[in-house]
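Colleague: Show me the folded form of this:
(chains A, B and C)
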Amino acid sequence: MKAIRIVFAAVLAVMVAFGLASTPVGAKEKVKVGFIGPLTGGTSSNGLGGRNSADLAVRLRNADPKAKYKYELIVLDDECKPNIGVQAATKLGANKDVIAAATHYCSAVAISTVDVYHKFGLPIIVWGAVLPDITYGNKYKEVHRVNGTMINQNETAAKFMTGLGYKTWAILHDTTDYGKGHNKYFSEYLIKNGGKILGTFGVTSDQQDFSAELTKIKSLNPDVLYFGGLTPIGVRVRAQMEKLGLKAQFEGTSGIVSDTFIEGTGELAEGVLAFREGAPTEKLPGGKLFLKQYNKQNYGEPPEAYGAFAFVAMNLILDTIEAEGPDRKKVRKALNKISGVDSIVGKIAFDDHGQNTIAVITKYVSQDGKWTVWEESEYASGKRKLRGM
Amino acid sequence: MDAGLLAQYIMNGLMLGMMYALVAVGFTLFFGVMDIINFSHGHVLMVGAFAGLATYFGLSEIGISWAPAQVMIMLTVATICMAALGMLIAKYLVLPLKAAPPLNTLLITLMLGTVLHEAIRLFYPKGANPQRFPPLLPTDAYTFGNFTLRIDSAMILLAGLGVIIGIHLLINKTKLGLAIRAVAQDEETAKTMGINFTLVVLITFAIGSGLAAFAGILHGFYYSEINFAMGLLLGVIGFSCAIVGGLGNIYGAIIGGFLFAALQTIGVLAMPFASAYKDVFAFGVIILIMAWRPTGLIREKISERV
Amino acid sequence: MSGTRDLLASLLPAVVGAVVVTVYLLLVLSVESQAGITVLLVAGAITIMAFVRFGSTARFGRSFAAQENTLNLLIILAVLVITGFFYEDHFVLLLVATVIIYVIACLGLNVQFGYTGVLNFAGAAFFGIGCYTAAVLTMHTPIPHVLILVIGGMMAAVIGSILILPVLRTRSHYSAVVTIAFALLFKIFLEVNDTLGGPQGLRVQGMNLLGWEFNNNIEIGENLEISFYVNYILIGLLLLAVTFTFVKRLERSWVGLNLDAVRLDETAAACFGLNISRWKITAFTIGNFLAGMAGALYAMMIGFIAPTNFTFGDSLILVSIVLLGGIGNPWGLVVATTILIVLPEKLQAIQEYRFLLFAAMVILILLFRPEGLLPRPLRTYLPGWRPK
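Modeller: Model (predicted):
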């Protein structure tokens, strides 16, 4: 019995000592900021690119001697699933040390977590989700967004495609709010521009086999197959289209503008069209600088389409914390008032719903294994032809 | 509906049925020999597919690029690896639990399945993402009206059929097959007759798992993609096909596989909006069949020792 | 006088044990740094191994068994202490509440599997039925929320009985497979179907008990703001106490005896006149009721549910908890739930690997120690009785 008492006391002492010692003494006050994105799963390339960009912003700020605080970035994975996103959001929100966060690439997740951020009073800036309802569907003062919404994207897409001469469409979209949103806006604008929709099909976001839908679409014989969904099923649809001999032109949204799509489809990616708000990273006002700094850090993954936006979101957060101090309410109030602030993507101004306006919509075509801006591609100049042209 | 479209649907159904049948045969073999349900089978299929993919990358490194050779080597390596894995599973997880209640074996194989798919998700580079499967089979297609016949789909179908015929021959015309059937019928008498029970079990698991690897690679070629979660649904559906045909009966399993795929295809045809319900339909049917004829359409013979 | 002294003597190890465990949990829950957590865990493991080596665990075990009622009160007190300690820390309280809710659900599974031997691989699906019931009822009807908890349980129980009815006559692995099929069907059906929110899920209103809004922080005076999760912990604790007592009483009663008979040997039980199907359905229904009730509370606490909350993997975690803790032992359940829920949250390194680790642990347990961490003790007809 004696022996065990000694063991016990020793262990207890060690535990207490460690507990006490876990709080180090530092020079600058530590402030925590958060980042949530899909770090695993089919959309992970965008999530990782966003994470690296946010990390870059934090690192640059920590290296700056003029910064008042030392920042720590807490990174959480939402796996592009609404309920995991809610868990991650709850974790950040419930953690009183986290002052603000840059969140979400997947719209389906972002629309589910807005309530959580409001409940905990955590100000957030969305960096990649495009569903309009995320900002416009509620009056929460905590929610802001730096990237654009899918409304402009689809408007431009409809005009452009009808302008090219395509007449009939079949629409395939996923059944999350993201896919449904794309379907809604694109159909609206397409009909306004005189296009004809032959059929609309909803699929689950992790569906494996599309032979039923694609066979039906084949029998409808449309000019274009519009795909409102994310990269994982985009890859499958494109591959299975070929297997069934469906020869329509494949048109996607910002959801497939990723290197993963091209890797996944190989040569089948050639000639695929897609649209995205914001200029390509190199063409942004501060794009070249951003890329230079990004490459210096030797991250394992490229920034992808929305890395620049994640960078901007995190910088806005850091700037606001520097100005107002680590207080959620003050930061939130300051973010609400942002108007005409410069950033690498241009001027940022949050409207009364926290939404920033991105005027530029880029049209992409996949050429030789890279997403190329339409105007610079050989398709625009006539050297290569799209399907059905 | 025109003939071309109908033919296309039939083709889709056949391909699906082929995959299910291959998985179902595995389940039936395991059940027949050891009276257990091995729920890691679907995940072994997935691991086999990944093994094939890894082999492909290895071959590309070495510089072998002639497609038929690549296909052959991928199939061989994956089948052998999974056969080995199957034997390990039998030796260390299934045989030790022979005396325990059968639920324990079900549990342990389920958990093993989880270990397998989590291992791939975590340890295979970028395992959580869908992986592109190299398009190594010839992609010419012949179009007859609305029906497109691709050479690679036809090859996959024929390969699957070949394997099934091979299994049939193995079980019915060889001594090993005789041993397997003997053990399946009555373990103790088989042992009395001098059949090495452990060896037969190990070999059966090897065969079943090798089959799974083959099916996995075919799956990969057909969909041009594999991902770590593909084993679960395939496993459960394959198992239900085996049940439909009667556990322990190989032909029942094959018929069950095609029947199931036919049900799914017809279901999708009949309810044009409900393609996503294909799996719901499938599971609903499974539950109903279990309720009506739990021992399968071809009756399972059971006798319980009191 | 000596009676009191004996009482105190047998009570002491239990009290000491409870205090030590409480302090340990407090430390684990408050330490943030990964290094600190690792040290704590290693220390804990060493202590436990030392105790086992020196035979102290047997002492604690006897003391616990002898004074079970006091022990229950002690544990409740311990939870309240922990809650009080972390009164503002949302995240820790969320963990505590989640553990309590999961214990209730797993107690249900324990009745099914631990007592009757009916394997239920759709635990998360029945939990989900409770969640979705709560979602629909809170958002669209004025039914009082406490009643919703009960209705959630009943929905799960009813659906469960319909499910299991046809397969009871057959061998046990068929009913297990039916539950697997149901578990998969549940998630896919919800995802594909838009009526219950589809893949986007549903919002759930927070609990509202007689006008007391559970989702608001409790504000006492000017400076004291208590996290709203405390509300849920209190009600969860109440439910847990009731459930736990119920399950323990059930085990000790003639119902429990029948259930055990069915589990141990169906043929012999049938020979003794027990209606096997009837008892299996009873157990299955009771178990699902508990799971559904826990689910309803969970939904109200989290405020948002989606089909991906209830995958097959989640059902497997519930089964793992029951297996690891010790089949048939409710205390083992509590320990296992705490470990399986708190550990991955605290030790970030294993967050990613938790499914893998849990599955591997279950495999090891099934191979080497099928009774689990805390094996179920011999049936006692009188509390504290031990064979001489």
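
Colleague: gap between A:Leu289 and A:Val345?
Modeller: 12 Å (Cβ to Cβ, to the nearest Å). From N, CA and C alone the C-beta is placed, and that goes for glycine too.

Colleague: With neighbour numbers in mind, choose between the two.
Modeller: A:Val345 (25 against 11; other Cβ atoms under 10 Å in any protein chain shown).

Colleague: Run a quick neighbour tally on residue 114.
Modeller: I went with chain A, as the question did not name one. Neighbours around A:Val114, by other Cβ under 10 Å: 22.

Colleague: try chain C instead
Modeller: That count, for C:Gly114 with other Cβ under 10 Å as the rule, works out to 30.

Colleague: Give me the pLDDT value at it.
Modeller: Note on C:Gly114: pLDDT of 86.

Colleague: you'd agree it is up against C:Pro375?
Modeller: No - counting by Cβ atoms under 8 Å, C:Pro375 is not a contact partner of C:Gly114; they are 11.1 Å apart.

Colleague: hey, what's in contact with both of the two?
Modeller: C:Asn329 (Cβ atoms under 8 Å, 6 or more residues apart in numbering or on different chains).

Colleague: For the residue of the stretch 101-250 of chain C found nearest chain B, which non-adjacent residue is spatially closest?
Modeller: For the stretch 101-250 of chain C and chain B, the shortest gap (Cβ to the nearest Cβ) falls at C:Pro166, measuring 3.2 Å. Excluding the flanking residues, the one nearest C:Pro166 by Cβ to Cβ, 6 or more residues apart in numbering or on different chains is B:Ala291, at 3.2 Å.

Colleague: and the one you found, that's in a helix?
Modeller: Yes - assessed with DSSP: H, G, I helix; E, B strand; the rest coil, B:Ala291 lies in a helix.

Colleague: so it touches C:Leu168, yeah?
Modeller: No - with contact defined as Cβ under 8 Å, B:Ala291 does not reach C:Leu168; the gap is 10.1 Å.

Colleague: what does stretch C:247-266 rub up against?
Modeller: C:68, C:107, C:110-111, C:115-117, C:268-269, C:272, C:274, C:276, C:279-280, C:282-283, C:286, C:328, C:330, C:379-381.

Colleague: Find the nearest non-adjacent residue to the closest residue to chain A within the stretch 1-150 of chain B, please.
Modeller: Closest to chain A within the stretch 1-150 of chain B is B:Thr148: 3.2 Å, counting by Cβ to the nearest Cβ. Once flanking residues are discounted, B:Thr148 sits nearest to A:Gly245: 3.2 Å by Cβ to Cβ, 6+ apart.

Colleague: how far away is that neighbour from B:Met193?
Modeller: Separation of A:Gly245 from B:Met193 (Cβ to Cβ): 55 Å.

Colleague: how far away is C:Phe182 from B:Asn227?
Modeller: C:Phe182 is 24 Å from B:Asn227, by Cβ to Cβ.

Colleague: Tell me which stretches of the chain form strands.
Modeller: In the absence of a named chain, this looks at chain A. Counting by DSSP state E, chain A has strands at residues A:29-37, A:69-77, A:98-103, A:124-126, A:143-145, A:168-174, A:196-203, A:224-228, A:249-251, A:273-277, A:341-343, A:346-348, A:361-367, A:370-373.

Colleague: meant chain C actually
Modeller: Counting by DSSP E, the strands of chain C are C:202-203, C:208-209, C:212-213, C:218-220, C:224-226, C:304-305.

Colleague: The last one near chain A at all?
Modeller: Yes - applying Cβ under 8 Å from any Cβ of the partner chain, one finds strand C:304-305 touching chain A at C:304-305.

Colleague: I'd like to know which elements that strand is packed against.
Modeller: Secondary-structure packing of strand C:304-305 (3 or more Cβ pairs under 8 Å, 6 or more residues apart in numbering or on different chains; DSSP states H and E): helix A:82-94, helix A:107-120, helix C:123-140, strand C:202-203.

Colleague: Domains in the chain, by residue range?
Modeller: Defaulting to chain A. A:29-148+A:281-358, A:151-277+A:362-381 (automatic domain parsing).

Colleague: That was the other one, I meant chain C.
Modeller: According to automatic domain parsing, the ranges for chain C are C:1-85, C:90-368.

Colleague: which of these is buried the deepest?
Modeller: Among the domains of chain C, domain C:90-368 has the highest mean neighbour count (mean count of other Cβ atoms under 10 Å in any protein chain shown), at a mean of 21.

Colleague: Run the chain-centre distance for that domain.
Modeller: 7 Å (Cα atoms, centre = their mean, to the nearest Å).

Colleague: ditto for stretch A:102-120
Modeller: Chain-centre distance of stretch A:102-120: 12 Å, with Cα atoms, centre = their mean.

Colleague: Can it be said to contact chain C?
Modeller: Yes - using Cβ under 8 Å from any Cβ, stretch A:102-120 reaches chain C at A:108, A:111-112, A:115-116, A:119-120.

Colleague: What pLDDT is listed against the closest residue to chain C within chain B?
Modeller: Closest to chain C within chain B is B:Ala291: 3.2 Å, counting by Cβ to the nearest Cβ. As predicted, B:Ala291 sits at a pLDDT of 75.

Colleague: which residues does it contact?
Modeller: So B:Ala291 contacts C:165-167, C:178 (Cβ under 8 Å, 6+ apart).

Colleague: Mind putting these into TSV with pLDDT?
Modeller: Shown next, in TSV, are the contacts of B:Ala291 (pLDDT from 0 to 100):
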residue	pLDDT
C:Leu165	80
C:Pro166	74
C:Val167	72
C:Val178	83
